[in-house]
Every structure is written in structure tokens, then in C-alpha cells.
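*Asks:* build me a structure from this.
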Amino acid sequence: MSTREPFGQSGRLLAGVVLLITLVGLLSWASTAVVDPLETTYPDEADVTSNRESYIGERVVLDGSVVETDPLMIATQPNGNGRFSVVHTADSLKRSTGPLETGDRVTVFGTLEDASTLDATRTISTALWESFYMIGISFVAGCWVLARLVRDWRVDRARKALVPRPTAPTNGDTSGVVSGQSQDGGTSADGSIKQHRDCSHAERQREQRDR
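*Replies:* Purely as a prediction, here's the structure:
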């Protein structure tokens with residue numbers, strides 16, 4: 001069976017152009033939709049931590065790890081610095097699991113009351129193990145896809161495309177050979193029987209002539 005593409009190089013190029021136009025259109029549509037405040041371009045921890053006074057009274061989005069739970073305090077830097085106290089979390093906190101624990105990741109949207117206090121409007125927490133689980137699953141899935149790609153596909157330099165690797169002969173081909181051998185064996189057996197009958201008939205004729 002031929003492995004040529006149904007539309008060739010021009011068809012693949014046209015499909016790429018259509019997908020690119022679709023992607024640009026979806027991005028344009030998404031930019032006009034109403035989005036979550038945590039996903040907008042409010043000042044984040046990178047802006048606020050180094051210049052806190054400039055953002056007092058403004059709405060900001062801070063992402064950090066929990067260093068204290070009562071009251072809630074987060075650190076926006078990996079070394080534990082850049083600490084902010086988060087107030088009014090009872091009505092704004094949305095937990096993915098149980099109560100907050102030290103080391104959990106939180107994203108807080110609210111108003112910066114002073115240089116170290118954030119009045120929370122919405123808070124989303126993620127347990128530490130969930131982050132490791134997400135990273136681990138993504139890594140395993142990526143390795144599996146890469147292994148399947150290397151095992152089942154190859155690069156055809158002449159066609160400048162990925163093509164399936166040739167597979168081993170199927171059982172149908174083997175059975176065809178066996179069937180052919182059986183048919184040849186059957187033909188040989190029929191020939192031997194016929195030859196034996198001819199010899200027996202010739203001997204009987206000889207015996208009759210001798211009598």
C-alpha cells in the first residue's frame with residue numbers, strides 16, 4: 001500500500017496556515033473575554049516586593065509559600081524573604097485540600113493596605129504535594145510520548161516529514177507461506193499416488209501378456 005500523503009506538501013502547508021490563523025483568532029477572542037482577576041495584569045510579587053510603598057492602596061496579585069498560618073503570612077521569595085501578612089482570609093480562601101499548612105502555595109488577590117499587609121479579596125491555595133504530583137505526572141507522560149514517537153516513527157528526509165516505521169511481517173504472510181508449502185506437499189503426494197497407480201497398471205498388463 002502506498003504511503004504517500006493524500007494532499008502532499010502543499011496540503012500540509014495549507015493545514016499549517018489554517019491552524020495558525022485559528023490560533024491567532026482564538027487569542028484575539030480570549031483577550032476580549034471577561035477573565036479571572038488572578039489572571040489579569042495586576043502588579044505581582046515581582047513588582048510589589050521590591051517597591052512596596054509604590055503600590056499601597058492598589059490591587060495586586062501575590063504568589064508565595066505559607067510561612068505562618070495564624071495569622072496567615074506568605075513569603076514571595078524562595079529564601080523566605082518578601083513576607084506579607086494576609087488578612088480577611090476567612091471569606092476569601094478557597095482550599096484545594098484541607099487547612100493551610102506551612103509550605104503550601106497560595107495566590108492572593110487583594111488590596112495592599114500597607115507595606116506588609118494585604119487585604120485579601122480572593123485566595124487560592126495549593127498543597128505542596130499537589131505541585132510535585134502535577135510535575136511528576138507531566139514528566140512521566142512526556143517520557144512516554146517521546147518513547148512512542150522514537151519507537152514508532154522516523155524522519156523521512158526526502159519528504160521532510162515524520163513517517164511510520166515499517167512493521168514486521170504479519171501472521172497472514174506466514175500463513176500464506178505455510179499454505180503454499182502445504183499445497184506443494186499435497187501436489188507432490190498426488191503425483192506419487194498417480195505414479196504408483198501407473199506402475200501397478202503396467203505390471204498387470206505385463207503379467208497378462210506373459211500368460
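*Asks:* where do the helices sit along this structure?
*Replies:* 8-32, 45-48, 128-152, 171-210 (DSSP state H).
*Asks:* those: lowest mean pLDDT?
*Replies:* Sorting those by mean pLDDT places helix 171-210 lowest, at a mean of 56.
*Asks:* pLDDT wise, what is residue 56 at?
*Replies:* Taking residue 56 on its own, its pLDDT is 94.
*Asks:* what's the local residue count around it?
*Replies:* 14 (other Cβ atoms under 10 Å). All C-beta atoms are positioned from the backbone trio N, CA, C, and that covers glycine.
*Asks:* phi, psi for it please.
*Replies:* phi -60, psi 130 (degrees, to the nearest 10).
*Asks:* my guess is it meets residue 112, correct?
*Replies:* Yes. With contacts counted by Cβ atoms under 8 Å, residue 56 reaches residue 112, the gap being 5.4 Å.
*Asks:* residue contacts, the closest residue to residue 81 other than its chain neighbours?
*Replies:* The shortest distance from residue 81 to any non-neighbouring residue, by Cβ to Cβ, 6 or more residues apart in numbering, is to residue 75 (6.4 Å). By Cβ atoms under 8 Å, 6 or more residues apart in numbering, residue 75 lies in contact with 64-65, 67, 81-83.
*Asks:* just the buried ones out of these, please.
*Replies:* Buried subset of the contacts of residue 75 (neighbour count, 16 or more other Cβ atoms under 10 Å): 64-65, 82.
*Asks:* of these, closest to residue 144?
*Replies:* residue 65 (30.7 Å; Cβ to Cβ).
*Asks:* list the contacts of that closest one.
*Replies:* Contacts of residue 65 by Cβ under 8 Å, 6+ apart are 74-75, 103-106.
*Asks:* may I ask which of these has the most neighbours?
*Replies:* The residue in the contacts of residue 65 with the most neighbours, by other Cβ under 10 Å, is residue 74 (25 neighbours).
*Asks:* from residue 103, how far out is that one?
*Replies:* Plainly put, residue 74 is 11 Å away from residue 103 if you go by Cβ to Cβ, to the nearest Å.
*Asks:* same deal with residue 42?
*Replies:* On the measure of Cβ to Cβ, residue 42 and residue 103 end up 25 Å apart.
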